[in-house]
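S.K.: Sequence first, predicted coordinates after that:
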Amino acid sequence: MHSIAINDALCYINGEFTRASIGIDGKRISKVSKQELKGKITFTGKNMIVIPAFFNAHTHAAMTLLRGAAEDLELSEWLRNVWRLERKMTASDIYWGTMLAIVEMIRSGIAGFSDLYIFMDEVAKAVGESGVRAVLCYGMADRGDEEKARRELEIGEKFIRDWNNSFDGRITAIYGPHAPYTCTPDFLRTVKERADKIGTRIHIHVSETQWEVEEIKSRYGTTPVRLLDRIGFLDSNVVIAHGVWLDDEEIEILRRRGVSVVHNPVSNLKLSSGIARVRDMLERGINVALGSDGVASNNSFNFFQEMKFASLLQKVKYMRADAVKARDVMDMATANGYAAYGIEGGRIEEGYLADLAILSKSPQFYPSYNPLYSLVYSASGEEVQHLIVNGEIVMEDRVVLTIDEEKVTDKVEKIKEKFTS
Ligand SMILES: N[C@@H](CCSC[C@H]1O[C@@H](n2cnc3c(=O)[nH]cnc32)[C@H](O)[C@@H]1O)C(=O)O
Ligand SMILES: [Zn+2]
C-alpha cells in the first residue's frame, strides 16, 4: 500500500510517453510499474497524463508586483524603472508578491523555482507555507562599494545559514551575486571562495544583453564569461541565467567547466535582449534549463508557453525545424532544471523526488498522435489538474490547497497603489 498511487496513466519516462503506474511514499517515487498499484490515495483515469513537474530555473517571484509597471523598454531602461520601484517594497509586499507567483506557478505545473531577489526571508516563508520547492538566494550587488559588498555578503550568508535545507529539504539556499556589471571581480572572487568552502551553488545573470558585453569589455577588456573564468568563478556549481550573447569560445568554456545555463526565451524577447544559442549549447552537452525570469518581463508564469517559444525560436534562429525538438524543451523544463541545482527530481523514476503534474487532455490534445507534441505545441496550461510536490498534493482539481488565492490577489492589488502614486 503506497501513500499515493497513480494508476494506468500515460507517463513521460525517458523522453517518451508509456502507460505506467506510479507509487509514492514519503517524498519519493517508490515504484514505477506496469501493474496497478494500491494507495491510500489513488488517481485513476484513462485520459490522465503524468509528467515530472516543471522546474522554473530562473525567476524573481515577487516581481509579480511590477507586472505591467514598466513596459516596452529594453533591459537597462527597464531596470532603471524597476530599481526605482523596488526601493518602495517592504518585506510584507515581497511575501504577497511571491504568494501570487506561487499560485500561478502551481497552476502551470511548476513544482519548484529558483529565485534571486530581496527580503528573501519572506520568500522562504511563502515557499514553506505553500508546499512548493525552491532554490533561493538573496540577490547581492556591491556596485564597487566595499562597505556595500560587506553588507550584501552578510545578508546573503545569513539567509543561507537560516534557511538551507529547511521545510523537509524543500528549500535549498545558495549564493546569488546579481551580475558581472553590478558586482566587481573582487566581490565575485570572494563569493566563489565562500561558496566553495561550504559546498554551495551560485546563481548569477550573465551575458544577457549586447550592452552588458560591451560594458564588461570596456571595464575589464574581455567578455563576461572569459572574465568569470579568469577569476576562477566557473564550475559545475554555477548556474548562469540568460547567456544570450556568447561566442564559440565562451560556449566551450561553459562546457569545459560544467556550468548550467538557464534559457529565458520570453523575457529575452520582451526586453529585446536577443535569442540565445540553445541548439549550440545542447549539442555540445551543456545542461540548459528553462526559466520565466520575473513576470515584470514576461508577463506570466506559463511553462507551456515558455517551452513553445523556446522551441520555435530556435527553429528560425537556425532555420532548421529540428534545431530544438519537443523532447529537448520538455527535458529543459523538467530534468535539466533539477539537475542544474543538484536536486534529485525531474524524472519519473524510482528513488526520484515525487514532484509530479497530473494533466487531463483538453480538446486541443485530440486527435492524440503523441502527447509530447500536444504538451509542447498545443497546451494552454489549463490541462494541469493536480500537482504533487515532495510527495504531497498541493493542487487538486485545479484548486490550490495551500493558498487562499482571493486573499493573495486582493493584497497584491492594494500593494500596487504605492507604485502608481
Ligand atoms: N541587493 C541588490 C538587488 C539585486 S536583487 C535582483 C535584482 O535583479 C533584477 N532583475 C530582474 N530581472 C532581471 C534581468 O532579467 N536581468 C537583470 N536583472 C534583473 C531585479 O529587478 C532585482 O533588482 C541591490 O542592492 O541592488
Ligand atoms: Zn533575471
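M.R.: Here it is on my side, so go on. Numbers count the residues shown, from 1 in each chain. Ligands and ions are numbered 1, 2, ... in the order given.
S.K.: Stretch 83-101 and ligand 1, are they touching?
M.R.: Yes. Contact between stretch 83-101 and ligand 1, assessed by C-beta under 6 Å from any ligand atom, occurs at 83, 86. Every C-beta, even on glycine, is put in place using the N, C-alpha and C of the backbone.
S.K.: Now do that stretch: everything it contacts.
M.R.: Stretch 83-101 is contacted by residues 59, 61-66, 69-70, 113, 115, 117-119, 121-123, 125-127, 130, 295, 301, 403, 408-409, 411-412, 415, 418-419 when judged by C-beta atoms under 8 Å, 6 or more residues apart in numbering.
S.K.: filter these down to the ones near ligand 1?
M.R.: Applying C-beta under 6 Å from any ligand atom to these, those adjacent to ligand 1 are 117-118.
S.K.: Over to the nearest residue to Ala340 once chain neighbours are set aside: give its phi and psi.
M.R.: Leaving aside its chain neighbours, Ala340 sits nearest to Ser260 (3.7 Å; criterion: C-beta to C-beta, 6 or more residues apart in numbering). Ser260 has phi and psi values of phi -90, psi 150 when expressed as degrees, to the nearest 10.
S.K.: Tell me, how many residues neighbour Ser260?
M.R.: 26 (other C-beta atoms under 10 Å).
S.K.: cool, Met105 as well?
M.R.: 27.
S.K.: Could you do Ala91 as well?
M.R.: Quick note: Ala91 (other C-beta under 10 Å) scores 13 neighbours.
S.K.: excluding its backbone neighbours, what's nearest the single nearest residue of the chain relative to ligand 1?
M.R.: Using C-beta to the nearest ligand atom, Gly139 is the residue of the chain that sits closest to ligand 1, at 2.5 Å. For Gly139, ignoring the flanking residues on the chain, the nearest one in space by C-beta to C-beta, 6+ apart is Leu116 at 4.6 Å.
S.K.: How about the contacts made by the one you found?
M.R.: With contact set as C-beta under 8 Å, 6+ apart, Leu116 has these partners: 58, 60, 137-139, 176, 178, 203, 205, 241.
S.K.: For those residues, please prepare JSON lines with the additional fields neighbour count.
M.R.: Output for the contacts of Leu116, formatted as JSON lines (neighbours: other C-beta atoms under 10 Å):
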{"residue": "His58", "neighbour count": "28"}
{"residue": "His60", "neighbour count": "26"}
{"residue": "Cys137", "neighbour count": "26"}
{"residue": "Tyr138", "neighbour count": "27"}
{"residue": "Gly139", "neighbour count": "21"}
{"residue": "Gly176", "neighbour count": "28"}
{"residue": "His178", "neighbour count": "19"}
{"residue": "His203", "neighbour count": "26"}
{"residue": "His205", "neighbour count": "27"}
{"residue": "Ala241", "neighbour count": "26"}
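S.K.: Ile106 falls within a helix, correct?
M.R.: Yes. Counting by DSSP: H, G, I helix; E, B strand; the rest coil, Ile106 is located in a helix.
S.K.: okay but it is in contact with Arg133, surely?
M.R.: No. Counting by C-beta atoms under 8 Å, Ile106 stays clear of Arg133, with 11.1 Å between them.
S.K.: Give me every residue in the stretch 51-200 of the chain lying close to ligand 1.
M.R.: Counting by C-beta under 6 Å from any ligand atom, the stretch 51-200 of the chain sits next to ligand 1 at 60, 79, 82-83, 86, 116-118, 139-141, 152, 178-179.
S.K.: farthest pair in these?
M.R.: Val82 and Glu152 (18.1 Å; C-beta to C-beta).
S.K.: between these two, who's got more neighbours?
M.R.: Per other C-beta under 10 Å, whichever of Val82 and Glu152 has more neighbours is Glu152, with 23 against 19.
S.K.: The more buried one sits in which helix or strand?
M.R.: Here Glu152 sits within helix 146-163, counting by DSSP states H and E.
S.K.: Can you give me the neighbour number for Gly128?
M.R.: 16.
S.K.: Which residues does stretch 138-147 contact?
M.R.: By C-beta under 8 Å, 6+ apart, stretch 138-147 touches 60, 116-118, 120, 148-149, 152-153, 155-156, 159, 175-179, 182-184, 187, 191.
S.K.: Select only the buried ones of these in PyMOL?
M.R.: Entered in PyMOL, the line below selects the buried ones among the contacts of stretch 138-147, by 16 or more other C-beta atoms under 10 Å:
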select buried, resi 60+116+117+118+120+149+152+153+156+159+175+176+177+178+179+182+183+184+187+191
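S.K.: Next, format the residues of the stretch 51-200 of the chain next to ligand 1 as TSV and append pLDDT and secondary structure.
M.R.: Formatted as TSV, these follow (pLDDT from 0 to 100; DSSP: H, G, I helix; E, B strand; the rest coil):
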residue	pLDDT	secondary structure
His60	98	coil
Leu79	94	helix
Val82	96	helix
Trp83	95	helix
Glu86	96	helix
Leu116	98	strand
Tyr117	98	strand
Ile118	98	coil
Gly139	98	strand
Met140	98	strand
Ala141	98	coil
Glu152	98	helix
His178	98	coil
Ala179	98	coil
